[in-house]
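*Asks:* Fold the following for me, if possible:
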Amino acid sequence: MLIKYGEMALKGLNRRAFEEQLRKDLAGRLRTLGEWEFTSAQSTLRVGPLRGKTSAAAYAEVDMDAAAEMVRRVFGIAAYARAAQTEKDMARILETAADYFVPHLSAARTFKCEAKRADKSFPLNSPQICAAVGERLLETFPHLRVDVLQPDVTVTIEVRDRYAFLHADQCKGAGGMPAGSAGSAAVLISGGIDSPVAAWMMAKRGLRLTGIHFASPPYTSPLAEGKVHNLLGEVAKYSGRIPLLVVPFTHIQEEIRRLCPEDYFTLIMRRMMMRIAEMLARREGCQALITGESMGQVASQTMEALASTDAVTSLPVFRPLIGSDKEEVVSLARKIGTFDISIQPYEDCCTVFTPRHPRTRPRRSAVEAAEAPLDVASLCAEAAEGAKKIIIRNT
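*Replies:* Have a look, this model is predicted:
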């Protein structure tokens, strides 16, 4: 496979660090599918079976279909293509083209050739390479015709430093930046539509994720927690493994109901969540928090309410959906595979003890007065101490 970098190729002196982060991420994911080697040159990462084996033996021991599907979801990759590798000899290139492109061109009606001659010492220039390969393919597949504007298949020949590579159309990658290249953050994950999408969006920007989920048994079902596991499992296909911390939240919610004014229930609950999330995030080495909040979507997501919850944490709070409407979020949830899981009818703790008339534009001093009867420090410490840790893997 030839893997093309996206915006990572625009990095300066620290570009090597990003490339190494991507290589490590790929190596960790692909190791279950065989033995691989990685070679980076000219904004392209070449991934193939470990050298020292015959080609047939190497490919018999790896699953290229599964590897390509895994590569499709790795952040930091703009595009990728499965390619044939051959010697930088025109006769070998023509022979390989006639054989390798059989599955791509047998059912096609039109094609065109493109060539990229990175090695300028190669005796033929790019137009000459295209002409030679195109002629050979027309001889091999007489039903084809050339269409340079809208071909069914684009055949590409890349002459690089040590080898020539032949491939058909490139596949679009996940984009973004390599996992972990921007640091680590903890995402407050519920069973809804928004928070898994927010997690995916920040993972795409290079953040390594830790999930924090608040459970309120017996008011919430174990199925609700299982739903969160499944949601993070879909995100992990892109981001890599995700530690999940499940926080017991029942006692806190019962204390809020017992001691606090009803119209402040949701705001106080969110403030308690943010405090606990910060404690756990720092314990796990995270430098920021992520939430799935969108401006004005519900009562707790007005500007005043968000300011009230942000006031209790000193960590940055990332809200990638803040300017998105629900239709946009749903569309992205469908794309990444979380939507059908999110709409399963298992409620999370955010729906427990919902006030009939929640405050939408609270003053911070009023919220602080409403939560004053709570023993905030001991409640948060107790919940953080009781958190259980589960590893969600990218399977």
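*Asks:* how much space between Val367 and Arg271?
*Replies:* Using C-beta to C-beta, to the nearest Å, one gets 7 Å for the distance from Val367 to Arg271. Where C-beta positions appear, they are placed from N, C-alpha and C, glycine not excepted.
*Asks:* shared neighbours of the two, which are they?
*Replies:* Ser308 (C-beta atoms under 8 Å, 6 or more residues apart in numbering).
*Asks:* quick one: Ala281 and Leu289 touch, right?
*Replies:* Yes: applying C-beta atoms under 8 Å, one finds Ala281 in contact with Leu289, separated by 6.0 Å.
*Asks:* any shared contact partners between those two?
*Replies:* Ala185, Ala186, Leu315.
*Asks:* can you tell me which of those residues are in strands?
*Replies:* Among the shared contacts of Ala281 and Leu289, the members falling in strands (DSSP state E) are Ala185, Ala186.
*Asks:* Please type out the ChimeraX selection for whichever of the shared contacts of Ala281 and Leu289 turn out to be buried.
*Replies:* Buried residues among these (16 or more other C-beta atoms under 10 Å), as a ChimeraX selection:
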select :185,186,315
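*Asks:* Closest to Met202 out of the shared contacts of Ala281 and Leu289?
*Replies:* Met202 lies nearest to Ala185 out of the shared contacts of Ala281 and Leu289, by C-beta to C-beta, at 6.2 Å.
*Asks:* And the pLDDT at the residue lying closest to the closest one once chain neighbours are set aside?
*Replies:* Among residues not flanking Ala185 along the chain, Ala288 sits closest, at 4.1 Å (C-beta to C-beta, 6 or more residues apart in numbering). At Ala288, the pLDDT value in this model is 98.
*Asks:* got it, and Glu37?
*Replies:* pLDDT, read off for Glu37, is 89.
*Asks:* same deal with the one 5 residues further on?
*Replies:* Model confidence at Gln42, expressed as pLDDT, equals 75.
*Asks:* Show me what Leu166 is bridged to.
*Replies:* Ala84, Ile157 (DSSP bridges).
*Asks:* Neighbours of it, how many?
*Replies:* Leu166 has 20 neighbouring residues, counting by other C-beta atoms under 10 Å.
*Asks:* From what I see, it and Asp99 are in contact.
*Replies:* No: taking contacts as C-beta under 8 Å, Leu166 lies outside contact range of Asp99: 9.8 Å.
*Asks:* Where does the prediction get shaky in the chain?
*Replies:* Within the chain, the stretches with pLDDT under 70 are 51-61, 348-352, 395.
*Asks:* rewinding a little: between the shared contacts of Ala281 and Leu289, which sits nearest Leu207?
*Replies:* Ala185 (4.7 Å).
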